[in-house]
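J.: what's the 3D shape of this:
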Amino acid sequence: MPQLPAPDYPDEVRARLDADAEAIIGRYPDSRSALLPLLHLVQAEEGYVSRTGMRYCAQTLGLTTAEVTAVATFYSMYRRKPSGDYQVGVCTNTLCAVMGGDAIFDELKQHLGVGNNETTEDGKVTLEHIECNAACDFAPVVMVNWEFFDNQTPDSARRLVDDLRAGRPVTPTRGAPLCTYKETARILAGFPDERPGAVEATGGAGPASLVGLRLAKGEAAPGARVVHPRGEAPHDAPMPGSGHLSSHDAPQPTSASDPQHPSGPVGPVDEEGE
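T.: Residues are numbered from 1 along each chain as shown. As a prediction, the model looks like this:
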């Protein structure tokens, strides 16, 4: 059967959204460009982008619902069904997976009793496996409403979701203080974060991320080491303060697919893992 048209928002909700939508649209020379923040706005109202929300965006911007749906279904930050107050995303891309992301995701699925993109019965947590969060030097990484929780383990991730469900204070590793998913969506729509201290909070790049920059500037990065190109003799001495920054860059045997540098314990491991 054909789907009935989506219902309209109640009058009081629509009046509030109209005022916010006018402020958003006024930032752009072409009203169509306001679609992305407008989708965040309706997501802040319901916690996800409903059919009613997409209809509202279409009517407000003079678009078809098909045009709005095409955008809302393309970007993963727009939820298509009711979700929890806290979206817990576990990075399962290559490095995070190797460092324990897969184990964390499996642990949380079992502990919460939900699968990917599912929400706990109390409506508190939606679990999702996500792609790279651009924080590989903190792997494995978990994000809650797009705030970082770095260097996680299955145990720490389990405590994290337990605290979220119990309403206990939770502080991200870096970045702004945590807020609900609806509050996050309103901030993404372009409205100011009025919580005390939230704007001043920050989270810069980690030490491992900055090593390459320091080397490019000719600085001696603390804890850095230089790996000689294959075919050249090793450096007689490492850089001052050399040593492994983390387990991420520990020397590993080279691939067995390289016949000139076979893998396996063939003697002392040099600084390139040969």
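
J.: in the chain, what secondary structure element scores lowest on mean pLDDT?
T.: Here the helix or strand of the chain ranked lowest by mean pLDDT, DSSP states H and E is helix 207-216, holding a mean of 79.

J.: can you tell me the element R165 falls in?
T.: Remark: R165 resides in helix 154-166, with elements defined by DSSP states H and E.

J.: beyond that helix, next helix or strand please.
T.: Counting by DSSP H and E, what follows helix 154-166 is helix 181-188.

J.: against which helices or strands is that next one packed?
T.: helix 35-46 (3 or more CB pairs under 8 Å, 6 or more residues apart in numbering; DSSP states H and E). In this view, the C-beta of every residue, glycine as well, is placed from N, C-alpha and C.

J.: so what's the gap between the helix it packs on and the chain middle?
T.: Helix 35-46 has its C-alpha centroid displaced from the chain centroid by 19 Å (CA atoms, centre = their mean, to the nearest Å).

J.: just to revisit the earlier point, mind listing what's buried along the least confident helix or strand of the chain?
T.: Neighbour counts over helix 207-216 (16 or more other CB atoms under 10 Å) mark A208, L210, V211 as buried.

J.: what of stretch 190-210?
T.: G190, F191, D193, G206, A208, L210.

J.: and of those residues, the nearest to P177?
T.: Taking CB to CB as the measure, P177 lies nearest D193 of the buried residues of stretch 190-210, at 9.2 Å.

J.: give the contact list for the closest one.
T.: D193 makes contacts with A176, C179, I187, V199, as judged by CB atoms under 8 Å, 6 or more residues apart in numbering.

J.: from the buried residues of stretch 190-210, which two are the most distant?
T.: Pairwise distances across these (CB to CB) peak at 34.4 Å, for the pair F191 and A208.

J.: thinking again about what came up before, can you add distance to A135 and give the buried residues of helix 207-216 back as TSV?
T.: Shown next, in TSV, are those (distance: CB to CB, whole Å):
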residue	distance to A135
A208	10
L210	13
V211	15
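
J.: one step back: confidence-wise, which of the contacts of D193 comes last?
T.: Among those, V199 carries the weakest pLDDT, at 74.

J.: sorry, back to before: just the buried positions in the helix holding R165, please.
T.: Of the residues in helix 154-166, P154, A157, R158, L160, V161, L164, R165 count as buried by neighbour count, 16+ other CB under 10 Å.

J.: distance of the fifth one relative to P29?
T.: Relative to P29, V161 is positioned 44 Å away (criterion: CB to CB, to the nearest Å).
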